[in-house]
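Q: got a predicted model here, sequence first, then my questions.
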Amino acid sequence: MRQFRIAVLGGDGIGPEVIAEGLRVLRAVERDMKETTFVVEEHTAGAGEYLRSGDPLPDSTMQACREADAILLGAMGLPAVRYPDGKEIAPQLDLRERLELYAGVRPVRLYHPLHTPLRDHAPGSIDFVLFRESTEGMFWSRRNTYARNAAEVVDLLRISRSGSERLFRAAFREARRRKGRLTLIDKANVLPAMAYFRMIFDEVAREFPDVETDRVYVDAAALYLVRDPGRFDVLVTENLFGDILSDLAAGLVGGMGMAPSGDIGDRHALFQPAHGSAPDIAGKGVANPVAAILSVAMMLDWLGAAETRAAAGRVWSAVEAVCSDPQNRTPDLGGSMSTSAMGSRILDAL
């Protein structure tokens with residue numbers, strides 16, 4: 001019997017609500033497994049924990065994440081809770097950096113035409129994966145400090161060869177599993193660091209001659225995502241560019257409630273809905289749990305056992321079946337289903 005330890009960090013706002021639905025799905029597929037079990041361990045982290053103890057990511061939580069087979073996270077941060085320097089509480093960034101979760105993986109798929117603001121798009125016509133470098137780039141400067149009376153503040157964009165190579169290889173492997181197309185998103189026409197980023201991409205591309213590649217500047221990529229999202233299969237980019245474009249991409253398929261994500265390294269991986277804590281709707285039972293449930297599916301696939309990968313396929317199929325019916329919509333999609341009702345509908349479809 002294979003046992004997987006899952007560290008669960010519900011976090012803030014709607015995080016615990018949507019993760020509860022993801023765990024219902026996890027337990028449902030577990031019941032059909034003959035050789036696999038999950039030990040779920042819940043730990044505290046986030047803005048609420050910062051208010052309680054002064055530390056948004058306690059040592060005990062960090063250690064549990066290091067020891068777990070995978071991490072499942074809800075949402076962290078509250079707009080009104082900030083460090084003294086004005087930055088928002090974001091321990092998920094600490095987890096990415098400390099565990100070297102360098103590949104931010106953001107799948108984007110359209111399940112129903114009513115979910116997109118674009119005209120004439122059938123289910124599945126928008127279907128791509130964005131890879132975002134998650135440990136450096138412009139976020140490298142996030143720990144910088146500055147004097148309140150400073151005449152200027154300078155943040156640095158860090159691109160390293162090792163960080164870029166491992167990101168690109170992960171993206172190429174994913175492109176090889178999918179349709180064999182990979183698009184680099186950069187700003188190599190202006191920034192020397194981006195020209196370096198592109199040079200490393202071109203070098204790694206020679207290791208994957210079977211994968212078709214193209215290169216698009218980030219401003220043009222924003223345009224193409226809106227005008228012709230079907231041109232993309234796998235995209236790879238820097239941290240800040242990926243942060244922005246992944247939200248734009250989510251908006252093409254129904255919003256952040258439809259946006260799962262994984263932050264994946266060589267030894268550890270964390271899975272979470274890409275949305276924020278949404279404190280304005282916390283406790284109302286109206287948050288969309290689809291992103292959390294799809295993040296559970298990503299986790300099951302990443303764990304790599306035959307049973308967990310089969311279970312991931314079942315979850316993806318159940319979400320596809322439920323979301324293809326326009327009656328199944330939470331308020332963010334223009335419907336009236338509650339969080340638990342949407343979770344139950346997906347459970348019924350498993």
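A: Looks like it came in fine. Just so it is clear, the model here is predicted, and its values are computed rather than measured.
Q: so which residue is smack in the middle of this protein?
A: Ser261 (2.0 Å; C-alpha atoms, centre = their mean).
Q: longest strand of this protein, counting residues only.
A: Using DSSP state E to define each element, the chain has its longest strand at strand 2-11.
Q: give me the sheet partners of that one and which way each runs.
A: According to DSSP bridges, strand 2-11 forms sheet pairs with strand 36-43 (parallel), strand 70-75 (parallel).
Q: how far does it sit from the chain's center?
A: The chain centroid and the centroid of strand 2-11 are separated by 17 Å, computed with C-alpha atoms, centre = their mean, to the nearest Å.
Q: which SSE is immediately downstream of that strand?
A: Beyond strand 2-11 on the C-terminal side, the first helix or strand identified by DSSP states H and E is helix 15-30.
Q: go through that following helix and flag the buried ones.
A: Using 16 or more other C-beta atoms under 10 Å as the test for burial, helix 15-30 gives 15-26, 28-30. Quick note: C-beta positions are derived from backbone N, CA and C, even for glycine.
Q: Gly283: how many residues sit nearby?
A: Close neighbours of Gly283, defined as other C-beta atoms under 10 Å, add up to 11.
Q: Thr36 versus the residue nearest to Pro16 when sequence neighbours are not counted, what's the distance?
A: Spatial nearest neighbour of Pro16, chain neighbours left out: Gly10 (3.6 Å); criterion: C-beta to C-beta, 6 or more residues apart in numbering. Using C-beta to C-beta, to the nearest Å, Gly10 is found at 23 Å from Thr36.
Q: neighbour count winner among the two?
A: Between Gly10 and Thr36, counting by other C-beta under 10 Å, Gly10 is the more crowded of the two (24 against 20).
Q: tell me the contacts of that one?
A: Gly10 makes contacts with Pro16, Ile19, Ala20, Glu42, Gly74, as judged by C-beta atoms under 8 Å, 6 or more residues apart in numbering.
Q: correct me, but the last one touches Leu9?
A: The reference is to Gly74. Yes - the pair Gly74 / Leu9 is scored as a contact, 6.7 Å apart, by C-beta atoms under 8 Å.
Q: list residues touching both of these two?
A: Both Gly74 and Leu9 are in contact with Gly15, where contact means C-beta under 8 Å, 6+ apart.
Q: sketch out the low-pLDDT regions of the stretch 251-350 of the chain for me.
A: For the stretch 251-350 of the chain, no stretch has pLDDT under 70.
Q: which parts of it are helices?
A: Ranges of helices within the stretch 251-350 of the chain are 290-303, 306-323, 339-349, based on DSSP state H, counting those that start in this stretch.
Q: tell me the buried residues in the shortest one?
A: Buried positions in helix 339-349, judged by neighbour count with 16+ other C-beta under 10 Å: Thr339, Ala341, Met342, Gly343, Arg345, Ile346, Leu347, Ala349.
Q: quick check: which helices or strands does that helix pack against?
A: Secondary-structure packing of helix 339-349 (3 or more C-beta pairs under 8 Å, 6 or more residues apart in numbering; DSSP states H and E): helix 15-30, helix 290-303, helix 306-323.
Q: how about the strands paired with strand 2-11 in TSV, adding mean pLDDT?
A: As requested, the strands paired with strand 2-11 are arranged in TSV below (pLDDT from 0 to 100):
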stretch	mean pLDDT
strand 36-43	97
strand 70-75	97
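Q: closest one to Leu270 among those strands?
A: Leu270 sits nearest to strand 70-75 of all the strands paired with strand 2-11, at 4.1 Å, using C-beta to C-beta.
Q: can you name the next helix or strand after the closest one?
A: Next helix or strand after strand 70-75 toward the C-terminus (DSSP H and E): helix 91-98.
Q: give me the contact list for that next one.
A: With C-beta under 8 Å, 6+ apart as the test, helix 91-98 has contacts from 45-46, 56-57, 62, 65, 71, 73, 76, 101-102, 104, 134-135, 139, 142, 263, 270, 272.
Q: picking that back up, thought the residue nearest to the centre of the chain was touching Phe271?
A: Yes - with contact defined as C-beta under 8 Å, Ser261 reaches Phe271; the gap is 7.1 Å.
Q: shared neighbours, the two?
A: Ser295, Met298.
Q: would you mark the buried spots in stretch 260-271?
A: Pro260, Ser261, Gly262, Asp263, Ile264, Gly265, His268, Ala269, Leu270, Phe271.
Q: and of these, the nearest to Ala318?
A: Set against Ala318, the nearest of these by C-beta to C-beta is Pro260 (13.8 Å).
Q: quickly note the distance from the closest one to Leu347.
A: When Pro260 is compared with Leu347 (using C-beta to C-beta), they lie 17 Å apart.
Q: ditto for Ala75
A: Using C-beta to C-beta, Ala75 is found at 22 Å from Leu347.
Q: over to Leu223?
A: According to C-beta to C-beta, Leu223 stands 40 Å off from Leu347.
Q: hang on, the earlier thing: for the helices and strands packed on helix 339-349, give me CSV that also has distance to Leu252.
A: CSV is the format used below for the helices and strands packed on helix 339-349 (distance: least, C-beta to C-beta, whole Å):
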stretch, distance to Leu252
helix 15-30, 21
helix 290-303, 14
helix 306-323, 14
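Q: of all the ones you listed, which one is nearest Asp228?
A: helix 306-323 (23.0 Å).
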